[in-house]
Every structure is written in structure tokens, then in C-alpha cells.
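Chemist: could you work out the structure for the sequence below:
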Amino acid sequence: MEPISLEAEKPGSCPEPFGASLMNRGSFLFVESNTTGTGELLMKRARLLGFDTYLVTRNPGRYPFLKNSVAQVIEAETRSPDELIGVAVKLGRLAGIYSSSDYFVEAASSAAMEMGLPAANSEAIATCRNKWMQAAELQRQSITIPETRLATSVRDVENILAQATLPVVVKPVCGSGSSGVRLCDNAAAAIKAFESARGALLDQVDLPSPDILVQQYVEGKEYSAEIIAYDGTLHCLGILAKHKGAAPCFVEVGHDFPAPLPEPSLKELASFAAGAVSALGLNFGPAHVEFVITESGPVIIEVNPRLAGGMIPVMLSHALGTSILDMVIRLYAGDEFTPPRASARAGAIRFQLVHKSGKLKRLGFSRNPEPTVPKAGLLKSEGEEVQINGDFRDRVAYAIGVADELNAAVAAAQLMIDSIVIEIETATDETPNTQVARSSESGWSLHPEAMKLLAPPIEISRDGRLLQYQATIDEAHLVMLADQGLISQAAAADLLQHILHLQDEGFQSLEGRDAPRGLYLAYEAELAARAGPEKAGWLHLARSRNDLNATISLLALREAACSISQEIGILQDALLQRAEEASRLVAPLYSQYQIALPGSPGHYLLGVFFALGRERQRLHCLLEDIRNCPMGAGAGAGTSIPIDPLQTASLLGFELPSFNSLDAVGSRDHHLQGLSVFAGVSILLSRMAQDLQVWTTREFALVDIPHNLAGGSSMLPQKKNPFLLEHIKGSASTVIGAYVSSATATCKSPFSNSIEASNYGCSPLRLAEDALKRAITLTSLIVKFMSFNARSMRENLEDGSAMTTVAAERMALQGVPFRKAHTLIGEITRRLSLDSSVADRRSELASHLAGVFPESLEECRDALQFGGGPGNRSTRDQISIAKTLFRDTQLKCVDLRERWAHAEMLRKQRVQELIERHQAT
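Modeler: Residues are numbered from 1 along each chain as shown. The predicted model follows:
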């Protein structure tokens with residue numbers, strides 16, 4: 001079927017199915033516009049509402065839609081307030097000024113205020129547009145945001161990363177549309193992203209970005225709130241669930257309305273988002289609030305003082321039954337605002353992203369829209385050069401679904417966007433690369449109910465890591481097959497080139513793809529579509545999904561264990577630093593929650609440090625034990641093809657191939673061992689969190705948690721809840737549950753490949769890893785920023801009872817049998833009157849135990865220098881040993897990473913050699 005080109009607007013049609021006035025209402029001035037989304041539609045709606053529509057711009061060439069005469073164009077320097085006002089003054093009966101462009105909302109607001117027209121406070125908009133100022137203001141107003149730092153140089157980035165917990169998000173301070181926004185999980189990536197972000201806006205709006213934000217990455221589901229401010233009231237039009245493309249970019253590929261959350265949650269989130277808008281002083285017009293829901297609650301990512309982009313207003317208009325675009329135009333023209341009635345209808349948007357750079361030879365839909373798809377359109381034109389930018393410019397088409405149920409709306413939008421036919425020509429293309437509507441593999445089809453439960457559509461955010469492991473294994477396997485002469489070097493090179501393209505694209509072409517027979521076959525089908533079925537057919541030579549899955553599971557375990565080790569290292573570093581600082585203080589040591597002896601907070605922290613060190617050592621022993629690569633074991637009985645499993649193993653960072661093919665595909669002991677260590681770490685952190693939670697109580701008051709790591713009570717105004725500690729304790733249940741789940745699934749499975757062991761036995765790893773990372777990160781934050789109440793710690797020891805053990809031991813050194821000394825001092829302490837003051841009780845003990853009773857708490861603590869006690873000399877020795885152990889373990893971690901990096905470098909080098917050799921011929 002030939003592709004159908006659906007324009008964003010058909011000539012002469014109304015962009016929204018709602019009525020409009022034809023009376024002349026004067027002039028309406030738009031200051032610049034967004035180049036995709038609703039910019040053109042707003043101008044069309046303004047004309048239909050009876051306004052003479054003008055667009056003032058410094059560069060009309062940025063807007064191809066102007067050829068349709070949607071507005072009268074005025075050329076002026078839009079970055080100059082004086083020129084803007086000069087333009088506005090010359091327009092007769094000017095009713096309103098507005099900008100749909102993030103970069104010019106402040107200028108439009110300033111001009112409108114100068115002309116006495118409706119507008120938001122331009123200072124509030126300036127604060128919002130500068131995301132560094134916005135973050136500072138939100139933090140000042142106690143609105144939860146990610147940890148945010150400002151960088152103006154590479155040195156700034158390096159200094160920030162030295163204190164931050166990876167991954168981080170790098171973004172321009174004044175950017176929009178995800179331009180220049182990147183997720184970075186290492187320092188090199190962050191520095192590269194910083195340098196790239198500084199020029200990310202030059203080719204769009206000719207703006208440099210000298211200031212860059214580095215934000216802590218917040219894990220969780222992303223949402224947005226669409227808000228209209230009017231007459232002192234904030235009206236939430238709705239909460240939308242957001243879908244993103246592949247990391248490290250943040251391209252939005254879809255939105256669902258209403259977000260599939262309980263009604264009370266939607267109301268709470270609307271109030272939360274409105275609180276952020278109010279805190280920033282936005283008192284008029286639309287606001288687009290982006291936030292993430294984490295386990296500890298919602299976190300604001302950013303507030304944009306404008307109407308949402310990405311066709312969201314159009315979708316909302318259809319779902320709510322009233323034009324959001326008309327609503328905004330009328331608002332800025334001085335009309336009263338009437339909130340839309342709540343709608344029972346749901347809406348969804350889905351976008352198609354470009355999958356590679358080149359010239360668009362073909363672009364269109366291969367099906368006509370159903371009634372449930374009121375809008376679908378192309379955002380690029382055939383013949384246009386496209387390139388992957390990692391932002392909104394990667395979108396080539398959209399589809400909007402509207403139905404009574406959200407699932408039906410999503411299905412309608414997805415079905416339409418899946419019908420896209422796109423062909424991109426590059427200089428090196430030998431054959432057309434056509435991506436057609438999704439189809440099932442080999443005519444095999446799973447029952448829809450079963451597919452919904454067991455084979456949901458591919459989500460890159462969820463499946464991207466497994467696809468990357470798959471591609472890594474393919475590289476090693478194809479290099480080995482070519483070196484052994486089992487396939488031609490030309491076929492291997494061609495397949496490898498397509499695999500590299502898939503990786504460069506972040507596997508985006510697989511987003512939303514049905515995978516009824518699993519992730520691997522969907523991935524293989526995509527390669528077959530690109531390279532041709534004949535070439536792709538060689539890919540599976542001498543291997544099975546069994547040895548593939550076993551290898552992927554080990555690569556995932558290896559990465560998870562090493563990542564957890566690095567996180568533990570960050571926590572150990574924090575513990576060590578605070579231990580040195582706090583070892584000077586005097587604090588009670590407890591036994592069964594009763595004060596035992598004087599010690600120090602540093603002594604406690606060192607104890608946790610050493611316990612964590614043993615768990616970390618167990619992880620490294622596990623990593624050293626993951627030596628054998630399952631590739632070559634096939635379905636469990638090897639292969640008759642003369643492969644070289646050792647070469648494949650080496651290219652994947654393993655030392656050896658597996659000795660026994662059944663062991664290779666059937667064993668999952670490494671996973672159980674890894675999950676066991678994860679459980680051990682989580683238990684230790686939970687115990688520490690339990691102590692800290694008790695010590696933060698008013699009764700103990702030994703430790704204080706800062707306000708930005710605690711929460712308030714919904715009812716009790718005086719209460720401060722150290723709730724992060726409860727998340728640390730709660731995370732342990734998830735990690736322990738993952739271990740039990742994995743062990744239970746594996747224990748009843750046969751000793752061969754089975755779904756129980758390979759799927760249910762391994763899938764809890766990601767859940768456990770995420771939960772444990774969360775617990776470690778939260779613990780690190782608390783350790784870094786908690787404060788010790790030195791006065792309260794001393795007060796608990798001032799009556800001297802905790803010093804009596806040392807007095808008894810000194811009596812023993814003078815020849816009194818310890819048990820007799822113990823009994824004697826016990827009788828003395830029992831005779832002390834609890835009605836007397838603390839000082840009197842201590843004075844009485846000192847008089848009864850003259851010559852053996854320590855003169856001070858510090859003297860008593862420092863006497864405890866043997867057996868690893870908290871004494872000053874003992875603590876110095878412990879810190880010295882801890883530093884050595886920490887340094888050695890850190891070096892082991894680096895050594896492991898370098899070993900795998902060397903294997904990756906060798907593999908990539910061999911891949912490149914094959915490709916270049918093929919291209920040369």
C-alpha cells in the first residue's frame with residue numbers, strides 16, 4: 001500500500017472541531033513561534049477567532065508554514081524590548097501579545113505589560129526560563145527538586161562529579177525541547193555532554209549556552225501537569241503520563257491523558273504542581289510542569305511558563321471537548337477564563353522518531369485514520385534532510401488517539417503511528433531502508449490476552465540494557481564466525497554495520513514493537529529488515545537463545561555487581577570522612593538499646609564501614625568467579641560447527657568458555673550468590689537506618705537529619721519525619737524478596753534451560769539492583785549531611801555509670817578479681833539515688849571508686865584501646881587500616897572495569913577492521 005501523507009492541517013480545514021467567531025476583534029501579535037507543535041495552529045485559531053494575526057520575527061525563514069499566509073509577517077529584532085514595543089505600538093486595536101516559543105515568552109510578556117495588555121509577571125517568567133534561578137527559588141520555597149549544580153567550565157563539572165552520585169543529567173540553563181539534555185553515567189560522558197550542551201541552541205535560535213546545569217538523575221515514572229493561572233487561581237487541565245525515547249536522550253515519544261493513576265492521586269499531584277507554579281510567582285497564563293514520581297513522592301524537574309508543546313494542547317482539546325488554543329488566545333486578549341468541564345474521554349499521542357540521518361525519500365502513513373484518531377500528521381517532508389539530534393527535532397510524525405478508555409486511545413494512536421512508512425537515503429545505502437508497519441515473526445501469533453500478560457510491547461527504557469547486551473554478544477559472535485571462516489567476512493561486516501547503527505540509534509526503531517516470541521527475535525527481525533533475511537540468517541549460526549540468554553544474564557549480573565560495588569565505595573568514602581571528623585566526639589555505645597560504655601560516632605561509622613567492606617569483597621569474589629562464558633553451549637548440548645568459544649569469551653571480557661554445555665545454560669548459582677550479597681548489604685543498611693531512626697528521636701536526640709532529607713507531617717506541624725530512613729529499611733524487603741523469588745523459581749526447575757530459571761530466576765536482579773542502589777544512595781546522603789548533637793551525647797553519659805566498667809577493669813589490674821570488682825561496683829550503683837542530680841551521682845561514684853574511676857569521659861573512652869575499641873589510638877589504627885582496605889578495593893574495582901573495557905576495545909577494533917576491510921573491497 002502506498003503511504004498516505006496526512007498533513008498537519010488540510011487546506012481550508014479547521015484545526016480543531018470547535019466553533020469560532022468571524023467578527024473582527026482587532027490585532028493579535030505573536031512574538032516568534034515554536035517550529036513544530038502548536039505554533040502554526042495558534043495563529044490559525046487566532047484568525048478564525050476574528051483577529052488580524054501578526055508574527056514578529058527576526059528570521060522568517062525559520063517558519064516554513066508562513067507560505068500558507070497564516071499571519072502577516074513583521075521583521076524586527078525580537079531580542080530587543082524596544083523594537084518589540086515599537087512594533088506593538090504601530091498595530092491598530094492591539095488585543096493581545098503572546099509567544100509559543102520558550103525563548104521569547106519573557107520578551108512577549110514584557111511587551112504586553114508595557115502596552116497594558118494581559119500578561120504574566122515578566123520577572124517570574126525570567127526566573128522560570130533560567131532553570132538555575134528556578135531551582136534555587138523552588139528549593140528556597142521547600143519544593144522538592146533534584147540536587148542541582150551550575151557549571152560554566154569543565155573544571156566545574158569535574159568538581160561537581162567529585163561530590164555527586166552518578167548518573168547525572170546535563171542540560172542547558174535556558175534550553176527547551178530536550179535540546180542538549182543528556183543522561184550521563186560517567187565523568188567522560190558528562191564532560192562531553194557539557195561541551196555539547198553549550199552549543200545545543202545555536203542552530204535553533206542562535207543562542208549560546210554558557211551556563212549548564214548538572215542535576216542528580218531522579219528515577220521514576222515521568223508526568224506533566226497542564227495548568228492555567230487566572231485571577232489568583234490555578235486551574236489544572238489534567239495530569240499526563242510521559243513516554244521517553246532511549247537514553248541518554250530525553251526525547252518525548254508519547255503522552256497519555258489522564259495519567260493512569262487513582263483519582264485521589266491525580267488531585268494530589270495537581271495540587272503539588274500548582275504549588276510549584278505558585279512558588280515561582282506565575283500568576284497568569286499557561287504553565288507546563290514536569291515531574292517524576294519516586295518512591296518517596298513527586299519531584300519537580302522543571303516548570304515552563306508556557307503552553308505545553310508536542311501537540312499536547314491539541315490532544316487535550318479533543319479529550320476535553322474544548323479548544324485549549326482558543327482558551328489561551330482569548331485569555332491573552334482579555335476575555336474571562338472559564339475552566340473546561342472534566343471529560344470522561346481519554347487521549348494519547350504517539351510520535352515516530354527518525355531512525356538514522358539522511359534524506360527522506362519516503363514518508364507517510366500506510367493506513368487511513370480510524371474515527372478514534374482525530375489527528376495525525378507529518379512533521380517532516382519528503383526530500384528533507386534529517387539527522388538524529390537527540391531532541392524534539394527527531395520527530396517525523398504524530399498520531400492522536402481519543403476514546404472513552406485510555407487503553408483504546410493508546411492503541412488507536414499506536415496503531416496509526418505503527419503504520420508509518422519511512423525511507424531514508426544515506427550516501428552509503430546500497431538498498432532502500434524501509435520500515436513498514438509492525439508484523440509478527442514467521443506468521444506466529446500469540447493469543448492477545450497471553451501477549452498482554454507475557455509479551456508487552458518493547459520499551460527502550462525497560463529493555464534497552466538487554467538489547468545492548470544482545471548487540472554486544474552479536475559483535476563477538478560475528479567476529480568469531482568470520483575469523484573461523486564459518487561465514488563470509490562481507491556478510492559479517494554488513495551485519496555488524498547494521499548492529500552499530502541500531503546501537504547508535506539507541507534501538508529506537510524497536511520502541512513499541514510487539515515481541516510475542518521474546519526480545520531477541522524482535523531484534524533479529526529488525527536486523528533482517530535492514531540487512532535482508534539472507535544475510536541476517538547467518539546471525540544465529542552455532543548458537544541458541546539458551547546460551548544467548550545465559551550470557552546476557554551473566555553480563556547483566558556482572559554489570560549490576562560492579563555498579564553496586566561502586567555505590568558501596570561512595571558510601572564507604574562518606575563513612576570514612578565522617579568517622580575521622582566524629583571520632584573526637586564522645587557518644588554512648590549501646591548494648592540492647594541500653595547505654596554500655598563511652599565511645600564515639602566515629603567508632604560506630606567505622607564498624608559499618610568494615611561490615612560493608614566484607615560485603616563488597618564478596619561481590620568482588622563473585623565477579624572474579626564469573627569467568628566462563630556460556631556462548632557455544634547452544635541449547636545445552638553444544639554444536640557440531642567448529643567454533644572458537646574461547647575467542648568469543650575473550651571478546652566479551654570472560655577468561656574461558658564453559659567446560660560443560662548443560663552447566664552453561666542450566667546453572668544460575670551466580671545470580672543466587674549475587675542476590676544473596678545484595679540482601680546482605682540491604683540488611684546491614686537497614687540495621688544502620690534503624691539505629692539512626694532511634695537516635696533522631698527526641699528522647700535520644702543524638703543525631704539530626706537536615707530538612708531537605710526529611711519530611712513533615714500532614715497533620716502535626718511540629719513534626720519532622722526522617723522518612724528516608726524508612727525507605728532504606730523498606731528497600732531491604734524488596735532485595736530480600738528478590739533473592740527469595742529467584743531461589744524459589746530456580747529450586748523447582750530442571751537442571752537445563754527452563755523459563756523458571758532463565759526468566760523468573762534472573763529477572764528479580766534488576767529490581768534488587770535498583771532497590772539496593774536507592775538504599776545505598778539515600779544512606780550516603782544521610783551520612784554526608786547528618787549532624788551529631790555533641791551536647792546530648794555527653795548528657796547521656798554525665799552520670800558516670802557508663803564509666804564503671806573501666807573502673808572495674810582497673811581494679812582487676814590492681815589485683816581484685818574481676819567478678820568481685822563487678823559485684824562491688826554493681827552494689828554501689830544500685831545504692832545511688834535517682835532523685836539526686838547527675839553531677840551528684842557521678843561525684844558519689846568517683847568518691848567510692850577513687851583511684852580507678854576515670855576523670856573524664858574522654859579518658860574513659862580512650863582507655864578502650866584494645867580489641868578494636870573506640871580509644872583514640874585504636875581509632876587511628878582503624879582509620880589507617882580502613883583507608884588501606886578502601887584504596888585496595890577501589891583499585892580492584894578499577895581493575896575489573898579496565899579488564900572489561902580492554903575486551904570491549906578489542907572487540908570494537910575487530911568489528912571496525914572487518915567493516916573497513918569490506919568497504920575497501
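Chemist: in the stretch 301-450 of the chain, which spans are helices?
Modeler: Listed in chain order, the helices of the stretch 301-450 of the chain (DSSP state H, counting those that start in this stretch) span 312-320, 324-332, 406-418, 448-454.
Chemist: same deal with the stretch 151-300 of the chain?
Modeler: Under DSSP H, counting those that start in this stretch, the stretch 151-300 of the chain gives helices at 154-163, 187-197, 202-205, 263-279.
Chemist: where does pLDDT dip in the stretch 651-800 of the chain?
Modeler: Across the stretch 651-800 of the chain, nothing is flagged by pLDDT under 70.
Chemist: do a quick rundown of the strands in it.
Modeler: Taking DSSP state E, counting those that start in this stretch as the criterion, the stretch 651-800 of the chain carries its strands at 656-657, 703-704, 711-712, 720-721, 787-788.
Chemist: how far does stretch 84-101 stretch from one end to the other?
Modeler: The stretch stretch 84-101 measures 15 Å between its terminal residues, going by C-alpha to C-alpha, to the nearest Å.
Chemist: buried sites along it?
Modeler: Of the residues in stretch 84-101, 84-85, 87-88, 91, 94-101 count as buried by neighbour count, 16 or more other C-beta atoms under 10 Å. Heads up, the C-betas are built off the backbone N, CA and C, glycines and all.
Chemist: one step back: just the helices of the stretch 301-450 of the chain: most buried one?
Modeler: Each of the helices of the stretch 301-450 of the chain was scored by mean neighbour count; the highest is helix 312-320, a mean of 26, by mean count of other C-beta atoms under 10 Å.
Chemist: what sits up against that helix?
Modeler: The contact list for helix 312-320, computed with C-beta atoms under 8 Å, 6 or more residues apart in numbering, reads 15-18, 38, 41, 224, 226, 237-238, 240, 255, 257, 288, 307, 323-325, 328, 340-341, 343, 345-349, 374-375, 400, 402, 409.
Chemist: could you redo the last one with a cut-off of 7 Å?
Modeler: 16, 38, 41, 226, 237-238, 240, 255, 257, 307, 323-325, 340, 343, 345-347, 349, 374-375, 400, 402 (C-beta atoms under 7 Å, 6 or more residues apart in numbering).
Chemist: ok, now stretch 575-582?
Modeler: 600-602, 605-606, 608-609, 783, 788, 879, 882-883, 886.
Chemist: quick check: Lys535 vs Ala492, distance?
Modeler: 9 Å (C-beta to C-beta, to the nearest Å).
Chemist: the more surrounded of the two?
Modeler: More crowded of Lys535 and Ala492, by other C-beta atoms under 10 Å: Ala492, with 26 against 19.
Chemist: how about the nearest residue to that one, chain neighbours excluded?
Modeler: Spatially, and ignoring its direct neighbours in sequence, Ala492 is nearest to Ala482 (3.9 Å; C-beta to C-beta, 6 or more residues apart in numbering).
Chemist: contacting residues around that neighbour?
Modeler: By C-beta under 7 Å, 6+ apart, the neighbours of Ala482 are Gln489, Ala492, Leu914.
Chemist: which residues touch the last one?
Modeler: The reference is to Leu914. Contacts of Leu914 by C-beta under 7 Å, 6+ apart are Val479, Ala482, Gln489, Ala492, Ala493, Leu496.
Chemist: show me where the stretch 351-500 of the chain has strands.
Modeler: 358-365, 375-378, 385-386, 395-403, 420-425, 434-435.
Chemist: hmm, back to that, which ones among the contacts of Leu914 are found in helices?
Modeler: Assigned to helices by DSSP state H, the following of the contacts of Leu914 qualify: Val479, Ala482, Gln489, Ala492, Ala493, Leu496.
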